[in-house]
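Colleague: No sequence on hand, only this structure:
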């Protein structure tokens, strides 16, 4: 995207103009126009802001706004009625609490949707913050930033009446059965590690797909985080929660683009909300005390 002299040396648009003034003044206007077009093209090739790429110093997607992502759809008790803008649900309410600590008015929070996998993959993001039950892991932290934890949970096994898993009371009872979970999630890691490391687990693109597989009889049970497990499958039976395992952290954190300039402030906001009791109040309001037995 640069002008080239006959022997391959670079010539700037300004030099073109000066040379042309001495050779053909009558064509100066045309040359100026061409040079300006060239300069415009060069400018079009440059990034418009740090937010268009990843790396140190990535700023807000839209200046003056806080762009927050959640899943499509988003579920209770994290987001009520798939309407995060209402502020109802634990993660929706938390997003507005964090925004307030960052100095954003409620009207300055913009919600977008993003899939689970694309949210934690390397590369540019369409959001400043993302809340959809992302467990903090070392592997994910190579591609994205995390805030400090805003909730701790474990993974539970859910089935339906009449399946081969219905009477299972231990992990051993589940081995050999068809188990499903969302790929790339902590639920999948826990299921594969604890339940069936030899035969593996059926991978699905989303919890919705895993749920559909259970309801259609493709799998005998699915694995979800404990709060989700207690409501997600209509008529479902929560068999119990799995032991915590390495590589499947149960601490949930807010995801930010790698190197985001907001990471330190968001982490401080979460820490302050924890210290002043706001997180506890939100958990009391939106997340029941889930009494789920351990699967031995």
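Modeller: Ah, there it is. Just so you know, these numbers come straight off a predicted model, no measurement behind them. Numbers count the residues shown, from 1 in each chain.
Colleague: Leaving out chain neighbours, which residue sits closest to the residue most central in space within the chain?
Modeller: Nearest to the mean C-alpha position of the chain, counting by CA atoms, centre = their mean, stands residue 119 at 3.6 Å. Leaving aside its sequence neighbours, residue 119 sits nearest to residue 130 (CB to CB, 6 or more residues apart in numbering; 5.0 Å). (Glycine included, C-beta is placed from N, CA and C.)
Colleague: ok, that neighbour - how many residues close by?
Modeller: Applying other CB atoms under 10 Å, we find 27 residues neighbouring residue 130.
Colleague: Would you mind confirming that the residue nearest to the centre of the chain makes contact with residue 125?
Modeller: Yes. In terms of CB atoms under 8 Å, residue 119 counts as a neighbour of residue 125; the distance is 7.5 Å.
Colleague: overlap in contacts of these two?
Modeller: Residues touching both residue 119 and residue 125 (CB atoms under 8 Å, 6 or more residues apart in numbering): 69, 144.
Colleague: Where do the strands of this structure begin and end?
Modeller: 3-4, 10-11, 66-70, 109-113, 129-130, 144-146, 151-152, 155-159, 179-182, 202-204, 221-225, 237-241, 251-252, 255-257 (DSSP state E).
Colleague: Go through those strands and pick out the most buried.
Modeller: strand 221-225 (a mean of 29; mean count of other CB atoms under 10 Å).
Colleague: What strands line up against that strand, and which way round?
Modeller: In the sheet, strand 221-225 lines up against strand 155-159 (antiparallel), strand 179-182 (parallel) (DSSP bridges).
Colleague: Now render those strands as TSV, adding distance to residue 145 and mean pLDDT.
Modeller: Below are the strands paired with strand 221-225 laid out as TSV (distance: least, CB to CB, whole Å; pLDDT from 0 to 100):
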stretch	distance to residue 145	mean pLDDT
strand 155-159	24	95
strand 179-182	22	96
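Colleague: So which of these is nearest residue 95?
Modeller: strand 179-182 (21.5 Å; CB to CB).
Colleague: For that closest one, what is the distance to the chain centroid?
Modeller: Distance of strand 179-182 from the chain centroid (CA atoms, centre = their mean, to the nearest Å) equals 19 Å.
Colleague: Next: stretch 126-141.
Modeller: So, by CA atoms, centre = their mean, the centroid of stretch 126-141 is 5 Å from its chain's centroid.
Colleague: for stretch 93-113, same thing?
Modeller: For stretch 93-113, the distance to the chain centre is 16 Å (CA atoms, centre = their mean).
Colleague: In it, which residues are buried?
Modeller: 93-99, 101-102, 104, 109-112 (16 or more other CB atoms under 10 Å).
Colleague: One more: stretch 183-200?
Modeller: 183-196.
Colleague: In helices only, show me the residues you listed.
Modeller: The helices, defined by DSSP state H, take in 186-190 from the buried residues of stretch 183-200.
Colleague: circling back: of the buried residues of stretch 93-113, which pair is most distant in space?
Modeller: 101 and 112 (20.6 Å).
Colleague: From what I see, residue 73 and residue 208 are in contact.
Modeller: Yes. Using CB under 8 Å, residue 73 makes contact with residue 208 at a distance of 7.4 Å.
Colleague: any low-confidence regions in this protein?
Modeller: For the chain, residues meeting the criterion pLDDT under 70 lie at 1-59, 246-249, 289-291.
Colleague: can you list the domains in it?
Modeller: For the chain, automatic domain parsing gives the domain ranges 3-45, 53-149+252-286, 155-241.
Colleague: So the closest residue to residue 121 other than its chain neighbours versus residue 258, what's the distance?
Modeller: Nearest residue to residue 121, sequence neighbours excluded (CB to CB, 6+ apart): residue 143, at 6.2 Å. The gap separating residue 143 from residue 258 is 6 Å, by CB to CB, to the nearest Å.
Colleague: Give me the more crowded residue out of these two.
Modeller: Set side by side, residue 143 and residue 258 give different neighbour counts by other CB under 10 Å, the larger being at residue 258 (19 against 15).
Colleague: what's the closest non-adjacent residue to residue 203?
Modeller: residue 183 (3.8 Å).
Colleague: Check residue 132 too.
Modeller: residue 71 (4.4 Å).
Colleague: Cross-check the contact I'm expecting between that neighbour and residue 112.
Modeller: No. With contact defined as CB under 8 Å, residue 71 does not reach residue 112; the gap is 10.9 Å.
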